[in-house]
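Participant: mind looking at a prediction? Sequence and model below.
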Amino acid sequence: MSLNAEAVRAASSAFRKPPDFHPSYGTAGFRADADLLASTVFRCGLLAAARALLLGAHTGLMITASHNPVVDNGVKMVDPDGGMMPQSFEPVAAELANCANDDDVVAVLRDRVLGAALPALAASASASPQQPQHLTVLVGHDTRPSAPQLLAAALSGVRALGVRAVSCGLVTTPQLHFLVHAANHGSSRAADGPAAPQLQLYYDTLVGAFLQLSQRPHAEDLNGGAGSGAYGSGTAERKAVVLYVDCANGVGAQQLGPLVPALRGVGIELQLRNTGAGGGTLNLGCGADYVQKERMPPSEFGDVPAGARCCSLDGDADRLVYFSPLAAAAGGGGGGVSLLDGDKVSMLAAAYVRDLMGQLPEEALRGIRVCCVQTAYANGASTAYLRDVLQLPAVCTPTGVKFLHEAAHDADVGIYFESNGHGTVLFSQELLKRLRAVDSNAAAKELLLLARVINQTVGDAISGILLVEHILRRKGWGLPEWQALYSDLPSRQVKLKVADRAIITTADAERVCVTPAGLQDAIAHIVQEFPQGRAFARPSGTEDAVRVYAEAATQQAADELARRVAQVVYDLAGGLGSRP
Ligand SMILES: CC(=O)N[C@H]1[C@@H](OP(=O)(O)O)O[C@H](CO)[C@@H](O)[C@@H]1O
Ligand SMILES: [Mg+2]
């Protein structure tokens with residue numbers, strides 16, 4: 001087998017890179033204004049096909065810009081295990097995306113991507129599974145209007161290397177990751193690759209395990225079931241719970257569809273809002289990012305009563321936050337929300353997993369490590385709860401799921417969530433083996449089912465809803481009891497523009513600025529004026545902006561701390577526009 005340079009060159013010529021566009025592989029892949037992206041997505045198609053060839057396995061591509069505005073789009077690569085492409089491959093991905101012309105595309109692909117592997121591929125037997133026609137790249141996309149055009153670019157890139165391209169159509173990002181994993185593992189692995197995506201397997205796995213958990217005897221409620229939860233006190237008689245779901249006018253609306261009847265059968269009534277049917281715009285005034293950052297109920301929630309149980313997904317349904325609308329102030333001013341963000345989901349999951357692990361026999365636990373992974377954005381109160389109450393080890397990584405996921409993999413139970421609601425719980429193969437060996441133990445059985453409810457490839461809002469609802473039901477809790485696990489420290493996030501955000505470099509999981517000179521000293525100097533103060537600044541990996549985070553003892557102090565830190569960033573890092 002050799003690279004058909006002519007086929008690549010010819011296909012590439014239909015997807016020219018705009019000369020002034022210099023894409024970089026950011027926190028979650030390439031993202032930009034959708035009009036700029038056709039060449040990038042085409043080249044990611046080449047790259048996903050090349051990775052399939054290099055690894056002799058099916059790979060994936062997801063076209064989405066997640067929580068970003070509808071005019072943006074983006075592309076993320078999925079590896080055969082359903083995880084993200086390794087970070088070591090990012091520089092060459094960026095190099096390929098930045099090639100100025102078709103000849104350079106061919107050269108980078110041949111020399112830098114396939115280079116070392118081509119002789120081995122050529123030497124492989126003719127019927128080998130590495131033959132391109134036996135390998136598939138699964139391509140999914142979200143609801144953005146630019147999706148069809150970018151999908152065509154992706155398919156063309158994959159096919160230029162002779163690899164099969166299969167469109168999965170409209171799917172959530174976590175579903176695409178799941179499908180890629182399923183295509184490479186277990187009974188669904190077809191010799192010729194998956195001809196059609198197996199979404200049914202996704203629902204059967206997650207929802208099937210959730211329903212099994214729901215049927216388990218309720219007498220095992222871990223806290224005796226004394227909460228205010230709509231599930232009642234753990235007795236057989238349960239009231240139905242209503243969960244209002246903000247789908248961000250994104251792909252989650254359609255993909256939650258199959259859950260509605262399934263969950264109704266076990267007393268959970270999903271009320272889907274912002275499904276796109278009402279003409280709303282993707283992520284505009286709605287979605288997990290909006291609710292988490294603005295602390296306001298999303299659009300289409302005007303009639304939802306104060307105190308109701310609500311959650312919010314982002315545009316590609318890999319983030320989840322819960323919330324409850326607060327009563328509007330007298331005089332009509334809109335009430336905010338009582339927010340249960342990714343940190344709260346993480347602590348709920350950690351507390352629950354810890355309880356279950358405590359019920360396992362000694363032999364199952366020997367040498368097993370449970371760990372929680374957070375970023376610098378995690379509320380300080382959650383980190384303190386983890387350390388002082390749960391007494392679980394905590395790891396802090398840079399922003400971006402790729403970092404958290406990797407760190408979580410180092411433990412046997414790795415619980416990771418970003419504050420914005422992106423995360424999951426990973427179980428090691430060793431722990432699953434031990435649990436199977438003691439599966440007459442009720443807690444072991446429950447952990448095994450949880451490992452199926454929880455998407456093991458990537459953070460997943462659908463899977464997150466099932467996890468949270470299961471834990472609340474088991475504990476007999478409503479949102480107030482969950483919220484009371486710990487009280488968040490008041491915090492504020494702001495962003496500002498600078499001439500070149502790359503001049504800000506950081507260390508210590510982004511909690512310290514290394515450059516420009518003097519910035520860290522200035523931030524440290526300001527922070528010490530604020531009781532319980534903590535603040536940091538870092539360049540965004542998805543937007544042309546610098547983000548500033550601050551927390552302090554009062555909201556007013558957190559706001560002031562964020563403003564003061566934004567001012568020194570503006571002064572020392574080339575701020576644009578008016579000074580904060
Ligand atoms: C503060 C914040 O929410 N940052 C987000 C945002 O990254 P930035 O690098 O901060 O732009 O988008 C990422 C991708 O969705 C997400 O992983 C991350 O948590
Ligand atoms: Mg997302």
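Facilitator: Sure thing, it's come through. Ligands and ions are numbered 1, 2, ... in the order given.
Participant: remind me which residues of the chain are low pLDDT?
Facilitator: Counting by pLDDT under 70, the chain shows low-confidence ranges at 1-2, 116-130, 186-197, 217-238, 329-334.
Participant: let me see the contact set for the residue in it that ligand 2 sits nearest to.
Facilitator: Going by Cβ to the ion, ligand 2 is nearest to Ser66 of the chain, at 3.1 Å. Placement of C-beta: from N, CA and C, glycine included. If you count contacts by Cβ atoms under 8 Å, 6 or more residues apart in numbering, Ser66 has them with 28, 74, 142, 173, 314-316, 318-319.
Participant: tally up the residues packed near the nearest residue to Arg273 once chain neighbours are set aside, please.
Facilitator: Leaving aside its sequence neighbours, Arg273 sits nearest to Glu300 (Cβ to Cβ, 6 or more residues apart in numbering; 4.3 Å). Residues contacting Glu300 under the criterion other Cβ atoms under 10 Å number 19.
Participant: do the same with Arg511
Facilitator: 17.
Participant: pretty sure it contacts Ala535?
Facilitator: No. In this structure, Arg511 is not within contact of Ala535 by Cβ atoms under 8 Å, at 9.5 Å.
Participant: which of the contacts of Ser66 are buried?
Facilitator: With burial judged by 16 or more other Cβ atoms under 10 Å, the buried subset of those is 28, 74, 142, 173, 314-316, 318-319.
Participant: among those, which are in strands?
Facilitator: Mapping the buried ones among the contacts of Ser66 onto strands (DSSP state E) picks out Gly74.
Participant: what does the stretch 51-200 of the chain put close to ligand 2?
Facilitator: Ser66 (Cβ under 5 Å from the ion).
Participant: and the stretch 51-200 of the chain, which residues reach ligand 1?
Facilitator: Ser66 (Cβ under 6 Å from any ligand atom).
Participant: pretty sure Ala147 contacts His141?
Facilitator: Yes. Between Ala147 and His141 a contact is recorded at 4.0 Å, counting by Cβ under 8 Å.
Participant: more crowded one of those two?
Facilitator: When Ala147 and His141 are compared on other Cβ under 10 Å, the one with more neighbours turns out to be His141, at 27 against 20.
Participant: partner residues bridging that one?
Facilitator: Ile63, Leu170 (DSSP bridges).
Participant: what sits against the residue sitting nearest the centre point of the chain?
Facilitator: Closest residue to the average C-alpha location of the chain: His422 at 3.8 Å, with Cα atoms, centre = their mean. By Cβ under 8 Å, 6+ apart, His422 lies in contact with 318-319, 342, 401, 459.
Participant: roughly how far is stretch 420-437 from the heart of the chain?
Facilitator: Relative to the chain's own centre, stretch 420-437 is displaced by 17 Å; criterion: Cα atoms, centre = their mean, to the nearest Å.
Participant: helices along the stretch 401-550 of the chain, start to end?
Facilitator: Secondary structure of the stretch 401-550 of the chain (DSSP state H, counting those that start in this stretch): helices at 401-409, 429-437, 442-453, 461-475, 479-483, 519-527.
Participant: and these as TSV, adding distance to Ser167?
Facilitator: Formatted as TSV, the helices of the stretch 401-550 of the chain follow (distance: least, Cβ to Cβ, whole Å):
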stretch	distance to Ser167
helix 401-409	24
helix 429-437	32
helix 442-453	27
helix 461-475	21
helix 479-483	39
helix 519-527	46
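Participant: which of the ones you listed sits most buried?
Facilitator: Most buried of the helices of the stretch 401-550 of the chain by mean neighbour count (mean count of other Cβ atoms under 10 Å) is helix 461-475; its value is a mean of 25.
Participant: give the next helix or strand downstream of the helix or strand Val260 falls within.
Facilitator: Here Val260 sits within helix 259-264, counting by DSSP states H and E. Sequence-wise, the next helix or strand downstream of helix 259-264 (DSSP H and E) is strand 268-273.
Participant: would you mark the buried spots in that following strand?
Facilitator: 268, 270, 272-273.
Participant: how about the residues of the stretch 301-450 of the chain by ligand 1?
Facilitator: The stretch 301-450 of the chain comes close to ligand 1 at residues 377, 399-401, 418, 420, 422, as judged by Cβ under 6 Å from any ligand atom.
Participant: does the nearest residue to Cys247 once chain neighbours are set aside belong to a helix, a strand or coil?
Facilitator: Of all residues not flanking Cys247 in the chain, Ala253 sits nearest, at 3.8 Å (Cβ to Cβ, 6+ apart). The local conformation at Ala253, judged by DSSP: H, G, I helix; E, B strand; the rest coil, is helix.
Participant: tell me the contacts of Ala509?
Facilitator: Counting by Cβ under 8 Å, 6+ apart, Ala509 has contacts 375-376, 396-398.
Participant: closest to Asn4 out of these?
Facilitator: Comparing those against Asn4 with Cβ to Cβ picks out Pro398 as the nearest, at 38.9 Å.
Participant: surely Gly464 touches Val321?
Facilitator: No. Applying Cβ under 8 Å as the test, Gly464 and Val321 come out as separate, 9.3 Å apart.
Participant: what touches both of those two?
Facilitator: With Cβ under 8 Å, 6+ apart, Gly464 and Val321 have common neighbours 345, 421.
Participant: quick check: next helix or strand after the host helix or strand of Lys76?
Facilitator: Using DSSP H and E, Lys76 falls within strand 72-78. Downstream of strand 72-78, the next assigned helix or strand under DSSP H and E is helix 90-97.
Participant: how about the helices in the stretch 1-150 of the chain?
Facilitator: Secondary structure of the stretch 1-150 of the chain (DSSP H, counting those that start in this stretch): helices located at 5-12, 38-55, 90-97, 102-107, 118-123, 147-160.
Participant: ditto for the stretch 201-350 of the chain
Facilitator: With DSSP H, counting those that start in this stretch as the criterion, the stretch 201-350 of the chain has helices spanning 252-256, 259-264, 288-294, 342-358.
Participant: right, and these - which one's nearest Ala558?
Facilitator: Of all the helices of the stretch 201-350 of the chain, helix 288-294 sits nearest to Ala558, with 13.7 Å by Cβ to Cβ.
Participant: for the closest one, name the packing helices and strands.
Facilitator: Applying 3 or more Cβ pairs under 8 Å, 6 or more residues apart in numbering; DSSP states H and E, one finds that helix 288-294 makes contact with strand 309-313, strand 320-325, strand 337-340.
Participant: recalculate using a threshold of 6 Å.
Facilitator: Packed against helix 288-294 by the contact rule (3 or more Cβ pairs under 6 Å, 6 or more residues apart in numbering; DSSP states H and E) you find strand 309-313, strand 320-325.
Participant: for the closest residue to Met85 other than its chain neighbours, give its distance to Pro18.
Facilitator: Using Cβ to Cβ, 6+ apart and skipping residues adjacent in sequence, the residue nearest Met85 is Met77, 3.9 Å away. Here the criterion is Cβ to Cβ, to the nearest Å. By it, Met77 lies 22 Å from Pro18.
Participant: who's more crowded, the two?
Facilitator: Higher neighbour count among Met77 and Pro18: Met77, with 23 against 15, using other Cβ under 10 Å.
Participant: got a list of what Glu510 touches?
Facilitator: 376, 398, 538 (Cβ atoms under 6 Å, 6 or more residues apart in numbering).
Participant: same thing but at 8 Å, please
Facilitator: Glu510 makes contacts with 375-376, 398-399, 536, 538, as judged by Cβ under 8 Å, 6+ apart.
Participant: run through the bridge partners of the residue nearest to Arg51 when sequence neighbours are not counted.
Facilitator: With sequence-adjacent residues excluded and distances taken as Cβ to Cβ, 6+ apart, Arg51 is closest to Thr59, at 5.0 Å. As for beta bridges, Thr59 partners with Val137 under DSSP bridges.
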